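Asker: sequence? don't have it. structure:
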């Protein structure tokens, strides 16, 4: 892969950009403090703005690594305040694979925002970084996350029983993926 780091990406409605330390209050307010948003995530609900601040400071410190891909999701109409998060949470260079995770504040659920962000990240990873496989997963009990993956053209690959852990404990996990050849075919249509 030809790593480029977290570059600014834009869609018709969104800006995907690097976090800045000043984003901590918005992160806490818009999604990290909401137990409904973090229900199926692998990190705990933030109990204070200071936790969000420490998390973002860690993320910001990692941007010097060109293999680090982590974006704040910002609605253009909202200015610069992040409403969600999308990142490459795991990478396997030997198979040119990037695993993506995402979350968004519930005020913005079911508006196509997460799908729009995921498509932009997939385009960047396939076309600029050289990924061959992009995958994502979700708790079986969280089918709306799978709908985002399907909307982006990802194909369901299977459910692994009791194979993952999140804030609900051990759970069945559904995997989706898209290959570069499938992406290129979809773009041509």
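Answerer: Structure received. As the structure is a prediction and not an experimental result, all values here were calculated from the model. Residues are numbered from 1 along each chain as shown.
Asker: CA only for contacts and neighbour counts going forward, please
Answerer: OK.
Asker: buried stuff in stretch 7-22?
Answerer: 7, 9-10, 14-19, 21 (16 or more other CA atoms under 10 Å).
Asker: columns distance to residue 162, secondary structure and pLDDT on top of the residues you listed, output as TSV?
Answerer: Listed next are the buried residues of stretch 7-22 as TSV, based on distance: CA to CA, whole Å; DSSP: H, G, I helix; E, B strand; the rest coil; pLDDT from 0 to 100:
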residue	distance to residue 162	secondary structure	pLDDT
7	36	coil	98
9	36	strand	98
10	37	strand	97
14	35	strand	98
15	36	strand	98
16	33	strand	98
17	35	strand	98
18	34	coil	98
19	33	coil	98
21	36	helix	96
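Asker: let's have these in CSV, adding distance to residue 29.
Answerer: Output for those, formatted as CSV (distance: CA to CA, whole Å):
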residue, distance to residue 29
7, 25
9, 23
10, 23
14, 19
15, 19
16, 19
17, 19
18, 18
19, 15
21, 14
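Asker: how about those, which pair is most distant?
Answerer: The span of these, defined through CA to CA, is set by 10 and 21 at 20.9 Å.
Asker: of the buried residues of stretch 7-22, closest to residue 73?
Answerer: Using CA to CA, the buried residues of stretch 7-22 come closest to residue 73 at residue 16, 4.9 Å.
Asker: so what sits opposite that closest one in the bridge?
Answerer: Following DSSP bridges, residue 16 is listed with bridge partners residue 9, residue 73.
Asker: can you list the buried residues in stretch 157-170?
Answerer: Applying a neighbour-count criterion of 16+ other CA under 10 Å, one finds 159, 164, 166 buried in stretch 157-170.
Asker: roughly how far does residue 83 sit from residue 170?
Answerer: 28 Å (CA to CA, to the nearest Å).
Asker: same thing with residue 141?
Answerer: For residue 141, the distance to residue 170 equals 12 Å [CA to CA].
Asker: can you list contacts of stretch 114-129?
Answerer: 1-4, 9-11, 14, 16, 73, 86, 98, 102-104, 131-132, 134, 148-149, 151-152, 180, 183 (CA atoms under 8 Å, 6 or more residues apart in numbering).
Asker: mind giving me the PyMOL select for the residues you listed, buried ones only?
Answerer: Only the buried entries of the contacts of stretch 114-129 go into this PyMOL selection, using 16+ other CA under 10 Å:
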select buried, resi 1+9+10+14+16+73+86+98+102+103+104+131+132+134+148+149+152+180+183
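Asker: any idea where the strands of this protein begin and end?
Answerer: 9-10, 14-17, 70-75, 82-92, 97-104, 133-139, 155-166, 169-179 (DSSP state E).
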